[in-house]
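Asker: Let's see this in three dimensions:
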Amino acid sequence: MKLSHFDFELPDELLAEYPAEHRDESRLMVLNRKDKTIEHKLFKDVIDYFDEGDVLMLNNTKVFPARMFGNKEKTGARIEVFLLRELNAENRLWDVLVDPARKIRIGNKLFFGDDDSLVAEVIDNTTSRGRTLRFLYDGSYESFREKLLELGQTPLPKYILRAVEPSDEERYQTIYAKHEGAVAAPTAGLHFSKHLLKRLEIKGIDFAEMTLHVGLGTFSGVEVEDLSKHKMDSEQIIIPAATAAKINQAKKDKRRICAVGTTVMRTVESSVSSNAELNAFEGWTNKFIFPPYDFSIANSMITNFHTPKSTLMMQAAAFAGYDFLMEAYKVAVKEKYRFYSYGDAMLII
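Answerer: Residues are numbered from 1 along each chain as shown. Next up is the predicted model:
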C-alpha cells in the first residue's frame, strides 16, 4: 500500500473551523461492511446500533494547553513552542516542537509571559523542528505546572486558521477526559454528550476506559511513499486490568465491541495476546496500522473524517476496507461532511 493511494481532493471549506453547536448533533455516516451500504444520520442516532452488553472502548486522556509563545533572548523574535512530553519532572525537561525552528539553536534562551516569569534553555536538537528544553523556574513543581497551564493555549490543529477562543478549552476535550497528558484530542470522542452517554448507559451499553496520551505519533504526517517504512513516534498507553477483563468477556459473549477513535484501536491492538485476547498494559506504543491488517479486538469503530494521507485515515481504511472507505470519502465530499477534529463522524460496523 502506497501513500499516494490515500490522496483525494478535499475542498478547503470542508475543514471544520468550529464544532457543531451540540456535541451529539454532528452528522454521522454509517458504513456497513457486510452489506456495503452507507447511511446518513446524526451522531446521537449511534445508540440505535448498539444493544445491551455491547461495549464502547473510550480513550480518557485529557488535553493540556500545550501551545505556548515565547520570545528569543536578545532578538525578541516570537517563537511558538509546542509541548510534546515531559522527559524529567525533577529537572523540568520537555520534548517540544519549535516554530520557526531555524532560529532556535542549542544554548538559546526563551522567555515566556509578559513579565518573563518563565525561562527555558534549549539543550538539544531532536528532529528538524524538535528540541529539548530545560525550564528554569524557582518555584515548586506544582507551581511550575500551574505556570505552564497559565501560559499555554488550547492546542488546536494548525489547519484551523482562526485564533483560539475561550469555548475551545471545553469543546476540544471529551466529556470523559480524566488523565492529563495529550497534546491533541481523541476526536471521535468529542461527539459524545453527557445526555447521550446516559442514554447509552440506560440501554445497558458498557464503557471500557483506557488511555493513550495523544502525541506526535498520531498527528505527524506520513512522508514516505512505501507505508511499511513509516515510523510512528511512541505514545504512552494504559490498559487497566478491569478494562481488559470487561472487553475479553464481551468478545467471548460475541458482543459488539466498538473502538471510539483510532487512538483506542491502536491501544488495544498494541496489547493483544497470542490467543487474540486483550492484555492489561502500561507502557508505550509506536504501532502503525494500514491496509491490509487483521484486527483482533474491535468489530466496530467510530472515527472522524480525516484529512488526506493521514495515519488516521489509513487505519480507518484498514478496518473498513480500502475501496469501501475511499467510496465513503467521495460521498462525504459530495454531501459536504465536515472533516477532521471539529468535523463529522463515521461509524463502521
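Asker: mind checking which helix or strand Phe324 is in?
Answerer: helix 322-334 (DSSP states H and E).
Asker: List the buried residues of that helix.
Answerer: By neighbour count on 16 or more other CB atoms under 10 Å, the buried set for helix 322-334 is Tyr322, Phe324, Leu325, Met326, Ala328, Tyr329, Ala332, Val333. (Each C-beta comes from the backbone N, C-alpha and C, glycine too.)
Asker: Also stretch 77-84?
Answerer: Here stretch 77-84 shows Ile79, Glu80, Val81, Phe82, Leu83, Leu84 as buried, counting by 16+ other CB under 10 Å.
Asker: And stretch 181-194, by the same measure?
Answerer: For stretch 181-194, burial by neighbour count (16+ other CB under 10 Å) applies to 181-193.
Asker: can you tell me which residues contact Asn248?
Answerer: Contacts for Asn248 were tallied using CB atoms under 8 Å, 6 or more residues apart in numbering; they are Glu277, Leu278.
Asker: average pLDDT for the host helix or strand of it?
Answerer: Per DSSP H and E: Asn248 is located in helix 241-252. If you average the pLDDT over helix 241-252, you get 98.
Asker: Which element is encountered next along the chain beyond that helix?
Answerer: Later in the chain than helix 241-252, the nearest helix or strand by DSSP H and E is strand 257-260.
Asker: Walk me through which strands that following strand pairs with, and which way each runs.
Answerer: Using DSSP bridges, the strands paired with strand 257-260 are strand 55-59 (parallel), strand 300-304 (parallel).
Asker: So which residues lie in contact with whichever helix or strand comes after the first one, not counting its own?
Answerer: Read in the C-terminal direction, the helix or strand following strand 55-59 is strand 61-63, with elements assigned using DSSP H and E. When contacts are taken as CB under 8 Å, 6+ apart, the neighbours of strand 61-63 outside the stretch itself are 154-155, 172-173, 177-186, 211-214, 263.
Asker: Could I get the CA-only coordinates of the helix or strand that strand 61-63 is followed by as CSV?
Answerer: Toward the C-terminus, strand 61-63 is succeeded by strand 67-72 as the next helix or strand (DSSP H and E). Provided in CSV are the C-alpha atoms of strand 67-72 (Å, rounded to 0.1, in the frame of the first residue of the first chain):
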residue,chain,number,x,y,z
ARG,A,67,0.9,25.6,22.7
MET,A,68,3.0,28.4,24.2
PHE,A,69,4.5,31.6,22.7
GLY,A,70,7.8,33.0,23.9
ASN,A,71,10.5,35.5,22.9
LYS,A,72,14.0,34.6,22.0
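Asker: before we move on, the earlier item: which among the buried residues of stretch 181-194 gets closest to Lys44?
Answerer: Closest approach to Lys44 among the buried residues of stretch 181-194 (CB to CB): Ser193, at 7.7 Å.
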